[in-house]
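Undergrad: Make a model of this:
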Amino acid sequence: VVKGFVTDEHTRLSRGHDELRGTGGSLYYLSGRDILEGSEQITIVVREQDTLLELGRTEAVRDRDYRIDYDTGRIMFKAPVSSSMDALFTLGGAQPFTGREILEGHPVWIVVDYEARAHGAGSGVAFGVHGSQRLFDIAEVGVSYVQEGREIGDAYQLLGAHAKLEYGKSRAWFEYAESVASDGVTRLSTDGGLRYKEASRDGGKVHGLAFKVGADLHLGDLFDISEDLDLRVRGWWQVMEPGFHSNGNGEEQGTERYGGEAIYKPTVDDRVHIRFDGATVLVPDDRVDTGFRAFKRTRFAGGYSHRFADLGLRLHLDAWGGQHRDDEDGKVYDSLAFAAGARYRVIEGLELGLTQQVTALGDPEIVDDDALARMTTELMTLVGITNDLALSIGGVLRWDGDNAVKIGVRSQVDDDTAVYFEERVGHDLDG
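TA: The predicted model follows:
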């Protein structure tokens with residue numbers, strides 16, 4: 001299959017890429033106005049707290065998830081967009097890399113790509129071509145090329161290639177791309193679109209490449225033994241150079257990330273989960289000879305849970321940790337923590353939870369040497385509103401006296417992830 005296009009617009013269209021931090025509300029404003037109808041692509045993205053690497057994304061659908069006023073750039077979501085996500089690596093409210101408290105969780109961003117009208121001379125000819133071929137009903141290969149003329153400066157060029165293999169529930173993929181010049185400006189807002197700032201990690205570079213390779217294997221389905229083996233294994237590796245520009249990827253430039261995950265369910269009531277992630281982020285820094293400072297991080301998490309279905313009880317044991325290093329000071333920090341807990345269903349729609357956490361290692365500037373400061377107990381009550389939505393009321397007590405009360409709303413995405421909007425009221429020993 002081959003597709004292509006050529007255009008020479010007399011009315012200039014400017015490409016916009018806005019990233020808005022979720023505020024817990026439904027109303028947001030784009031930085032552009034007079035938006036081309038139907039040009040917007042809106043995605044809800046969750047990023048790791050410190051490195052801002054992507055943990056997951058969900059595409060939003062117009063009229064189902066949101067409505068948009070194209071003249072003013074106003075977006076109204078049908079449900080509030082949470083500011084944070086309680087993901088795999090935030091167990092019991094502890095940050096796995098340093099051991100510090102992050103009750104706010106991983107940040108949620110609204111990522112919007114769109115085109116807006118701007119009057120004046122056209123910016124030149126734009127054209128592109130894409131070709132793909134399906135092979136043996138299980139594989140696909142493809143290539144693409146896009147070029148956009150510029151009123152000033154070099155034309156933007158993007159070359160890409162991909163290959164993917166799908167068999168049953170399992171799949172593997174490879175993607176490669178290379179760009180010349182910039183395709184636009186990335187703008188960030190943390191207040192719902194009232195104010196924006198430009199963001200880029202390219203360090204002035206105008207040429208770069210990126211690739212991604214990975215596999216997601218359901219081994220029981222792959223070997224036709226699903227009834228005897230429920231084991232899913234995933235792995236990934238992604239590199240994006242600082243000078244690579246595509247679809248407003250300012251926050252992803254200069255990053256490398258890799259990892260793997262295994263989920264094993266020996267019975268319907270037992271679950272074992274192991275995951276490892278590594279990341280390197282290059283931050284522009286004139287003090288370094290290369291012009292970039294490296295921030296490196298690895299992390300792991302593992303857990304086991306067992307459900308007593310007849311009793312409405314689930315017990316879990318967890319361990320997580322990691323290591324991080326910043327070229328700015330050259331220091332290396334290790335972290336390690338353990339947790340044990342239980343969830344009990346009192347009646348339909350009402351659950352009680354108790355988790356005890358012990359922090360073994362962490363950043364010495366954050367984790368106190370006092371043994372009591374390393375012990376944290378969390379109590380939680382979940383009141384079901386719908387099948388996937390619940391009101392959460394709980395308390396977190398660190399044994400040295402630091403404590404907090406948390407009230408919020410949680411929406412369960414899957415077994416490992418819950419999206420929530422939460423308010424914390426607390427008091428610590430420092431006042």
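
Undergrad: make it CA atoms for all contacts and neighbour counts henceforth
TA: Fine.

Undergrad: Do a quick rundown of the helices in this structure.
TA: Assignment of helices within the chain using DSSP state H yields the ranges 219-222.

Undergrad: pLDDT score for Asp154?
TA: pLDDT for Asp154: 80.

Undergrad: Spit out the contact partners of the residue lying closest to it once chain neighbours are set aside.
TA: Counting by Cα to Cα, 6 or more residues apart in numbering, Ala181 is the residue found nearest to Asp154 once chain neighbours are left out, at 6.6 Å. The neighbours of Ala181, taking Cα atoms under 8 Å, 6 or more residues apart in numbering as the test, are Asp154, Ala155, Tyr156, Gln157, Val206, His207, His245.

Undergrad: now, which of the residues you listed lie within strands?
TA: Judged by DSSP state E, the subset of the contacts of Ala181 located in strands is Tyr156, Gln157, His207.

Undergrad: related to what we said a few turns ago, what about the residue nearest to Asp154, distance to Phe338?
TA: Between Ala181 and Phe338 the distance is 47 Å, computed by Cα to Cα, to the nearest Å.

Undergrad: same check, this time on Gly384
TA: On the measure of Cα to Cα, Gly384 and Phe338 end up 28 Å apart.

Undergrad: wait, doesn't Gln253 sit right on Gln238?
TA: No - the pair formed by Gln253 and Gln238 falls short of the contact definition of Cα atoms under 8 Å, at 11.3 Å.

Undergrad: of the two, who's got more company?
TA: Per other Cα atoms under 10 Å, whichever of Gln253 and Gln238 has more neighbours is Gln253, with 26 against 18.

Undergrad: and that one, what pLDDT?
TA: With respect to pLDDT, Gln253 scores 80.

Undergrad: pLDDT-wise, which helix or strand of this protein ranks last?
TA: Within the chain, confidence by mean pLDDT, DSSP states H and E is lowest for strand 418-427 among all helices and strands, at a mean of 58.

Undergrad: Let me have the contacts of Ala181 in TSV, extended by neighbour count.
TA: Formatted as TSV, the contacts of Ala181 follow (neighbours: other Cα atoms under 10 Å):
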residue	neighbour count
Asp154	13
Ala155	18
Tyr156	20
Gln157	22
Val206	16
His207	17
His245	32
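
Undergrad: Turn those residues into CSV, including distance to His316.
TA: Shown next, in CSV, are the contacts of Ala181 (distance: Cα to Cα, whole Å):
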residue, distance to His316
Asp154, 57
Ala155, 56
Tyr156, 52
Gln157, 51
Val206, 49
His207, 48
His245, 43
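
Undergrad: Run a quick neighbour tally on the closest residue to Ala373 other than its chain neighbours.
TA: Closest residue to Ala373 apart from its sequence neighbours, by Cα to Cα, 6+ apart: Asp400 at 5.0 Å. Asp400: 16 surrounding residues under other Cα under 10 Å.

Undergrad: Quickly note the distance from Asp400 to Thr376.
TA: Distance, Asp400 to Thr376, by Cα to Cα: 9 Å.

Undergrad: again with Gly395
TA: When Gly395 is compared with Thr376 (using Cα to Cα), they lie 10 Å apart.

Undergrad: doesn't Asp327 make contact with Phe295?
TA: Yes - assessed by Cα under 8 Å, Phe295 is found in contact with Asp327 at 6.3 Å.

Undergrad: Between these two, tell me which one has more neighbours.
TA: Neighbours were counted for Phe295 and for Asp327 using other Cα under 10 Å; Phe295 has more, 19 against 15.

Undergrad: hey, what's the more buried one bridged with?
TA: Val281, Asp326 (DSSP bridges).

Undergrad: Run through the residues that contact it.
TA: Applying Cα under 8 Å, 6+ apart to Phe295 gives the contacts Thr280, Val281, Leu282, Val283, His324, Arg325, Asp326, Asp327.

Undergrad: and which of the residues you listed is nearest Ala172?
TA: Compare each of those with Ala172 using Cα to Cα and the shortest gap goes to Thr280, at 23.3 Å.

Undergrad: now the closest one, nearest residue through space, not along the chain?
TA: In space, and not counting its chain neighbours, Thr280 is closest to Lys296: 4.4 Å by Cα to Cα, 6+ apart.
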